[in-house]
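In: take a look and give me a structure for this.
(chains A and B)
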Amino acid sequence: EDQVTQSPEALRLQEGESSSLNCSYTVSGLRGLFWYRQDPGKGPEFLFTLYSAGEEKEKERLKATLTKKESFLHITAPKPEDSATYLCAVHPPSNTGKLIFGQGTTLQVKP
Amino acid sequence: DTAVSQTPKYLVTQMGNDKSIKCEQNLGHDTMYWYKQDSKKFLKIMFSYNNKELIINETVPNRFSPKSPDKAHLNLHINSLELGDSAVYFCASSQVEEGPQHFGDGTRLSIL
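Out: This next block holds a predicted model:
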């Protein structure tokens, strides 16, 4: 069964303390891996798409990487405004348009 | 200039009632989706439509009926609401079925 697991469930960092979030998946024939940010009371906001192992994408303090079994979201020198829930989702080959989401990592960055 | 908009934002109603949630996107996308996010924040797809045609229909009770009058709108009607239907429902759209999906801000449904 296609599955996405994110770790840790919650992460507390001090401002400026870099770290990484993990997303592991059991999907054969991946057709895309997506990272989203969700703020309380809002919908998920699209961050990155990765399609093949070795691919990397960057946006400000965030960098997403992809291997054959997992993806990492690296956060460099985070600021309090980076506090949010980060969701990972995969697009399996079997169902067109269907995204399978992980349960998310809730990040809190303290000043 | 909201991209994906849902109404209402909050919906509080009694068990057994029938209610609808509306979704509109102004991105010119061909595909639209409904997701349910439970109390543990887990997002699960319910339906998807491509240019008014139903593409995905996950294992959802037939009390839930999506309707797409045109490719910019996808509404969700729910009959005979149950306590377990309490959740946040998100609408999303994408340019192509394999592309990134853009979400609305959700409708929080609470059943009393």
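In: any idea which residue of chain A lies closest to chain B?
Out: Nearest residue of chain A to chain B, counting by C-beta to the nearest C-beta: A:Gly43, 3.4 Å away. C-beta here means a position set from N, CA and C on the backbone, and glycine is covered the same way.
In: what helix or strand is that residue on?
Out: Assigned by DSSP states H and E, A:Gly43 belongs to no helix or strand.
In: point out where the chain drops to low pLDDT.
Out: Unless you meant another one, I'm taking chain A. A:94-97 (pLDDT under 70).
In: wrong chain, I was asking about chain B
Out: Within chain B, the ranges that satisfy pLDDT under 70 run B:1-2.
In: how about the strands in it?
Out: For chain B, the strands defined by DSSP state E cover B:4-7, B:10-13, B:19-25, B:31-37, B:43-50, B:53-57, B:64-70, B:73-78, B:87-94, B:102-103, B:107-111.
In: contact partners for residue 87?
Out: Looking at chain A here, since you left the chain open. A:Gln6, A:Trp35, A:Tyr36, A:Arg37, A:Gln38, A:Pro44, A:Phe101, A:Gly102, A:Gly104, B:Leu43 (C-beta atoms under 8 Å, 6 or more residues apart in numbering or on different chains).
In: switch to chain B, that's the one I care about
Out: Counting by C-beta under 8 Å, 6+ apart, B:Ala87 has contacts B:Lys36, B:Gln37, B:Asp38, B:Ser39, B:Leu109.
In: for B:Val60, same thing?
Out: Per C-beta under 8 Å, 6+ apart, neighbours of B:Val60: B:Met46, B:Phe47.
In: now it, what are its backbone angles?
Out: With angles defined as degrees, to the nearest 10, B:Val60 sits at phi -120, psi 140.
In: any chance of the contacts of A:Leu87 in a markdown table with secondary structure and distance to A:Arg61 as columns?
Out: Putting the contacts of A:Leu87 into a markdown table (DSSP: H, G, I helix; E, B strand; the rest coil; distance: C-beta to C-beta, whole Å) gives the following:
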| residue | secondary structure | distance to A:Arg61 |
| --- | --- | --- |
| A:Gln6 | strand | 19 |
| A:Trp35 | strand | 13 |
| A:Tyr36 | strand | 16 |
| A:Arg37 | strand | 12 |
| A:Gln38 | strand | 17 |
| A:Pro44 | coil | 19 |
| A:Phe101 | strand | 23 |
| A:Gly102 | coil | 21 |
| A:Gly104 | coil | 19 |
| B:Leu43 | strand | 24 |
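In: burial measure for B:Leu112, as a count.
Out: B:Leu112 has 10 neighbouring residues, counting by other C-beta atoms under 10 Å in any protein chain shown.
In: that one against B:Thr13, yeah?
Out: Yes - counting by C-beta atoms under 8 Å, B:Leu112 touches B:Thr13, with 7.0 Å between them.
In: joint contacts of these two?
Out: Common contact partners of B:Leu112 and B:Thr13 (C-beta under 8 Å, 6+ apart): none.
In: does A:Leu33 touch A:Gln6 like I think?
Out: No - applying C-beta under 8 Å, one finds A:Leu33 not in contact with A:Gln6, separated by 11.8 Å.
In: overlap in contacts, these two.
Out: A:Cys23, A:Cys88.
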